[in-house]
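# structure for this input, please:
(3 chains)
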Amino acid sequence: MKGCIHSRKFFYSKHILWRKKLCGFLFTALLAMAVLGGCADGTGESSGDNPYMGSGEVPLDSGSAQVSGDGTQDGDTSAEESTSEESAAETDQNRQETPDEKYGGSIVVGIQQDIDSLDPHKATAAGTKEILFNIFEGLVKPDENGNLINAVASDYTISEDGLVYTFTLREGVKFHNGNAVTAEDVKYSLERVSGLLDGTPLISTLSVIQAVDIIDEQTVQVTVGSANTELIYSFVAAIIPAGSGEAEGADPVGTGPFSFVSYEPLKGITMAKNPDYWQEGLPYLDSVEFKIMGDGDTSLMELQGGTIDFYAYLTDSQAQALQDSHQVISSPTNMVQALFLNNAVEPLNDVRVRQAICYALDKEAINDFVAGGNGTLISSAMMPTLKEYYVDLNDTYGTTANVEKAKELMADAGYADGFDMEIAIVSSYEFHMQTGEVIVEQLKNIGINATIKGMDNGTWLDEVYNGRQFDATITALTCDMTPGYLMNRFQTDSKKNFINFQSPEYDEIYLKAQAALDPAEKAGYYKELQRILCDEAGSAFIQTPANMTAISRRLAGYKFYPVYVQDMSTVYIVE
Amino acid sequence: MKKENGKKWNKYLYAGIVMTGIAVVLGIVGFFWTPYSTTAMSAAEKFSAPSLRHPFGTDNFGRDIFSRVMRGLGATMLISSLVVFFSGLAGILLGAVTGYFGGILDEVVMRITDALNGFPSILLTLVIISLLGTGRQNVIISMSLVFIPSFVRIVRGEFIRLRDADYIRRARMMEVGKFRILFVHILPNVFSVFWVSVMIGFNNAILAESGMSYLGIGVQPPDASLGNMLSDAQGYLQSAPWCALAPGLTIVWLVLGFSLFSEGIRRRASAAGV
Amino acid sequence: MKYLGKKIITLIMTLFLVSAAAFLAFQIIPGDVVASILGTEATPEREEALREELGFNDPPLVRYGKWAAGVLRGDLGVSYRYSKNMNEMMPVAELIGDKLPVTLWLAALSLALIILVSIPLGVLWAKSRSHALDAVLGVITQATMAVPSFFLGILVTWLFGILLKWFAPGGYVGYRENFWGFLSYLLFPAISIALPKIAMTARFLRNSMLTEMGADYVRTAYSKGCSRKRVMYGHVLRNAMMPVITFLGMIVAEIVAGSIVVEQVFGLPGIGRLLISSISTRDFPVVEILILYITFVVIFVYFLVDILYKVVDPRIS
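Residues are numbered from 1 along each chain as shown, chains lettered A, B, ... in the order given. I've put the predicted structure just below:
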């Protein structure tokens, strides 16, 4: 009874099976890493001044994986400017191949968990959304640098007051069923996700939409209730044919580079090339099969045997084993792993105790033991991939243990002899479980007798996340590319503030950040928020884990995104 | 069947006592002392192959597997003993009452045990654990519940057989109290059969406990148990097979030793009886 | 006839009890499918809409009643978690129908192995006059019975998969794609399930035969001049097989339960794996049907054994 389909099982299922955890493993269907959150994709600011983010280190291992280039051919995207330098560098290499050699063929991509829904507006699992990225597109979409590029829309403007969004539709975009995308389709899709259609918003950030008006055949105007500079990232929501959500039947139909072919529960999903795709020349592959592994070690064997060509979220030991036979590439994830502390229970309600815990952790050791040293250590609630917003606070508590200081704080707080503490962890998340084992050992040094309480995801959601009945828990937060979503949860009254963090100062600055219409000002506030969270030791932030991906040597062109996306449109077969 | 011709000690008993004895000694010592800490981690000694320093090697956290096996043995045996104790006790009470008095209560208890019997015990434990949560106490509670029906059946059967025996009829005529009849007159005569099921039960409990820990619903890491060590080790089967072989073979050793022991006892008893 | 009626009533009662208990358990365990589907993304509106959609706003008794009425009509319901396509949820019958062959073939293969190996082995053992063979078989079978199935699965993977490379662990092939590939992959999990049972059955048969060989009718048969062979196979084995049949019946029940674990170890997409994952995602309709199915199979096999017994030996009443 563990497991959990709706979130992503992240790396590290270590055993063949059921591993500990029936959970998971049971259940297998084990799935899920506990990614909390996940909302809109896309990052940076639409004005194009966003710095290059995240995927820079991508092909660590050679020139065989191309970084960018093909994906941004469309000249009118704002992101193009910011990435043009890299593109130029890469294009030479790409040109060595004549174009037609790149076309054709099919590949099999291993994925960890089953699809939770084929309806792009209803899918919540990160593992589902990253695959549906190939089938569906929004008015805008993220690129591999974490910038937004235009997709179904060819252009858009936002009014001064931030309340009116006007989208111009791209000419010639067709659904997989052959019909051209019309303003009607866009209106329908946006009304569906915002709840205007039937009162149930499917994407909560878009529930601020008050009206969707068709100005002319190529123009749609969206009016929102309150200004928010991050809202544009939510327009990555899929555009689907008008009326399709309720009645269309068998096939999910979108505008993406691949069209849906078939889906079998517990087995996988197959997609075929969309010959009418609006980005000239893409995709290269004729078809892609996403095959559900359900288990990390099966995937190792399948990679070695060649039955799958591609697999992300490898464990450290799997990555080692594949080093010689595959391209193994490490890329940063957009997650924040932490030992979350319930600020409302004794003795964790004492800031000194929480700080003592932060001092007691040896994050470098954790990284070495559980992530092979590939993680990025952090002390704030933001991932370094959001460069513009992230502030490095590792000096506050250090990255190795400071037991002296921690003991001092414990004594000050009146807990010189320590106390008992329970750490709730979803058992199927091998990565978090192992982190927990290391932390339990480290906390012994300051007298805290911590024990791990493994549970399945359903129980975790019920007791920990929604019920807030816990001392501490280890999980990871993500926000895709909208930092506001991460910061929002630590407001005193936020429904998502499962750690019961309380700081009037934080609340105040958060409101200021939301009101700010200038991106730089907003980033400044967000940095301040991170500092408060760190100084108050709201929780003990640990690391941004690395995503190790194995790619068959016969493939090239894969682009890593700093958001949850597995974009197959630029992949081609080299041999 | 080849007769063990009345020898007091047979090979089974001898081998069983030696194997079980070693396991019990290691397990008990493991509660108080182990060569290395069972939880201390060492990055330098990750995945050391078996050597003089670490007879069973070390695991992914550089922990000494031999020490963890000792501690795990103790945990497994303690949990199994408690499970057999509690479920055996409940089995005696329920079996005695239902077997002796019969009636509605008997009907109800038997229907429930029937239903439980038709239901894989692993599933039942799973369901109970998801109600109670993971952890040592809950493992003991849920396993005890699952083990009760088999004891009830055995004890009930014996009580039904004995309740009409002459000496019991006589006791009833002499107006001996009901509970005195149950527990003083009948119970001692049930024990010979009951012991056999206790031995089988103990072995099953060892397998069930390690199975549950293997599935992650038993003893929680970083505390060592044979089952959770095995499950952790499975991911390193290729690179560090000793991590899985050590706890796995230890379970086999323990179960084998104990079944040889009970087989030996059985043979001795039947030899003596013939 | 009366006997049959009684058995059927017991079967129905048991199924009812089991389904009610599973329903009750799902009411009590923390977390429900709505939370599980929406995860940390839940908004009150979506939760409410989903609750309504799944009929969770009815009182528990009504929900159980609706479910039970559906099952009685032959409608097993639809999964909460697996969608067939964009708008339709996967019917439970279809979902299970797809996984069932994997588990059934695994059970069939295991049972075949058990019968093919344990019966000749048991006979050989009973006939053997060699102390050495007797001792060796005694020790081997004792030891085999002491290996828990999950460890045996790991050992088989390590020995045949990693060391000898006779099969690729995790290289499962679907029965539709390549049936022989499918069977040859299943062989190894089947060995993991069968080995301990082979040891048990062989021991059981041997003991049963030794008991029979000491019986009076055997002496009578010999004295009437029957050949040893004829006595052995015509009388002893036949009579000794009867308790073995009962024993095999119990083993079938155990194979069904044992395959739940072994499917996990070998990554087989059978009903065991589906069951575990469905419990974890609180996919109640799938769990209920699977539990009922497993209970039914177990009880039914016991029942068959009972009948078989009566047919083979009319003396038993």
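# check contacts around residue A:359.
Residue A:359 makes contacts with A:397-398, A:401-403, A:405-406, A:409, as judged by CB atoms under 8 Å, 6 or more residues apart in numbering or on different chains. Backbone N, C-alpha and C define where each C-beta goes, glycine included.
# okay, buried residues for whatever helix or strand it lives in please.
Take DSSP states H and E as the rule and residue A:359 turns out to sit in helix A:351-360. With burial defined by 16 or more other CB atoms under 10 Å in any protein chain shown, the residues of helix A:351-360 counted as buried are A:352-360.
# what's the answer for stretch C:57-66, then?
For stretch C:57-66, by 16+ other CB under 10 Å, it's C:63-64.
# could I get the CA-only coordinates of that stretch as CSV?
Extracted in CSV, the C-alpha atoms of stretch C:57-66 (Å, rounded to 0.1, in the frame of the first residue of the first chain):
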residue,chain,number,x,y,z
ASN,C,57,-20.8,11.7,-1.7
ASP,C,58,-23.2,8.8,-1.2
PRO,C,59,-23.2,7.2,2.3
PRO,C,60,-20.9,4.2,2.5
LEU,C,61,-23.7,1.7,2.7
VAL,C,62,-25.3,3.0,-0.5
ARG,C,63,-21.9,2.9,-2.2
TYR,C,64,-21.3,-0.7,-1.2
GLY,C,65,-24.8,-1.6,-2.2
LYS,C,66,-24.4,0.0,-5.6
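# tell me if it is near chain A.
No - residues of stretch C:57-66 are not located near chain A by CB under 8 Å from any CB of the partner chain, the shortest gap being 14.8 Å.
# per-residue confidence averaged over that stretch?
Averaging pLDDT along stretch C:57-66 yields 85.
# next one: stretch A:104-115
83.
# then stretch C:304-317?
Here the average pLDDT along stretch C:304-317 is 68.
# any stretches of the chain with poor pLDDT?
Defaulting to chain A. For chain A, the stretches flagged by pLDDT under 70 are A:1-100, A:245-250, A:266, A:294-298, A:480-481.
# looking at chain C here, not the other one
C:1, C:41-42, C:83-88, C:170-171, C:312-317.
# tell me which other helices or strands the strand ranked longest in it touches.
Longest strand in chain C by number of residues (criterion: DSSP state E): strand C:78-83. Contacts defined by 3 or more CB pairs under 8 Å, 6 or more residues apart in numbering or on different chains; DSSP states H and E place strand C:78-83 against helix C:33-38, strand C:89-91, helix C:92-127, helix C:284-312.
# closest one to residue A:240 among those?
Smallest distance to residue A:240 across the helices and strands packed on strand C:78-83 (CB to CB): 18.9 Å, for strand C:89-91.
# Three-state assignment for residue C:243, please.
In three-state terms, and counting by DSSP: H, G, I helix; E, B strand; the rest coil, residue C:243 is helix.
# in space, what's closest to it - neighbours in sequence excluded?
residue C:208 (5.3 Å; CB to CB, 6 or more residues apart in numbering or on different chains).
# got phi/psi on the one you found?
Backbone torsions of residue C:208, given as degrees, to the nearest 10, read phi -60, psi -40.
# what's the answer for residue A:150, then?
Dihedral angles (degrees, to the nearest 10) for residue A:150: phi -80, psi 150.
# same question for the one 10 residues further on.
Residue A:160 has phi and psi values of phi -50, psi -50 when expressed as degrees, to the nearest 10.
# also residue A:340?
According to degrees, to the nearest 10, residue A:340 has phi -80, psi 130.
# next up, the contacts around it.
Applying CB under 8 Å, 6+ apart, the residues near residue A:340 are A:472-475, A:498-499, A:539.
# and residue 156, which helix or strand is it part of?
Unless you meant another one, I'm taking chain A. Applying DSSP H and E, one finds residue A:156 within strand A:153-158.
# that's the wrong chain, I meant chain C
Going by DSSP H and E, residue C:156 is part of helix C:149-156.
# and that helix, anywhere near chain B?
Yes - residues of helix C:149-156 are located near chain B by CB under 8 Å from any CB, namely C:150-151, C:154-155.
# coming back round to it: so which of the contacts of residue A:340 belong to strands?
Short answer: the contacts of residue A:340 in strands (DSSP E) are A:472-475, A:539.
# for chain B, which helix or strand comes out least confident on mean pLDDT?
None of the helices or strands of chain B scores lower by mean pLDDT, DSSP states H and E than helix B:121-132, at a mean of 77.
# burial measure for residue C:216, as a count.
7 (other CB atoms under 10 Å in any protein chain shown).
# what about stretch B:15-22, average pLDDT?
92.
# flag the shaky bits of the stretch 101-250 of chain B, pLDDT-wise.
Ranges of the stretch 101-250 of chain B meeting pLDDT under 70: B:118-120.
# what parts of it come near chain C?
Counting by CB under 8 Å from any CB, the stretch 101-250 of chain B sits next to chain C at B:111-112, B:114-115, B:118-123, B:126-127, B:130-131, B:207, B:210-211, B:214, B:230, B:234, B:237-238, B:241, B:244-245, B:248.
# quick one, which of those are buried?
The buried subset of these (16+ other CB under 10 Å) comprises B:112, B:114-115, B:118-123, B:126-127, B:130, B:207, B:210-211, B:214, B:230, B:234, B:237-238, B:241, B:244-245, B:248.
# wait, what's in contact with the residue in the stretch 1-150 of chain B positioned nearest to chain A?
Closest contact between the stretch 1-150 of chain B and chain A, by CB to the nearest CB, is at residue B:130 (4.3 Å). Contact analysis of residue B:130 by CB under 8 Å, 6+ apart lists A:1, A:456, A:459, C:25, C:29-30, C:279.
# same thing with residue B:175?
Contacts of residue B:175 (CB under 8 Å, 6+ apart): none.
# which of the three states applies to it?
coil.
# and it, its phi and psi?
phi 60, psi 40.
# next: residue C:59.
According to degrees, to the nearest 10, residue C:59 has phi -70, psi 150.
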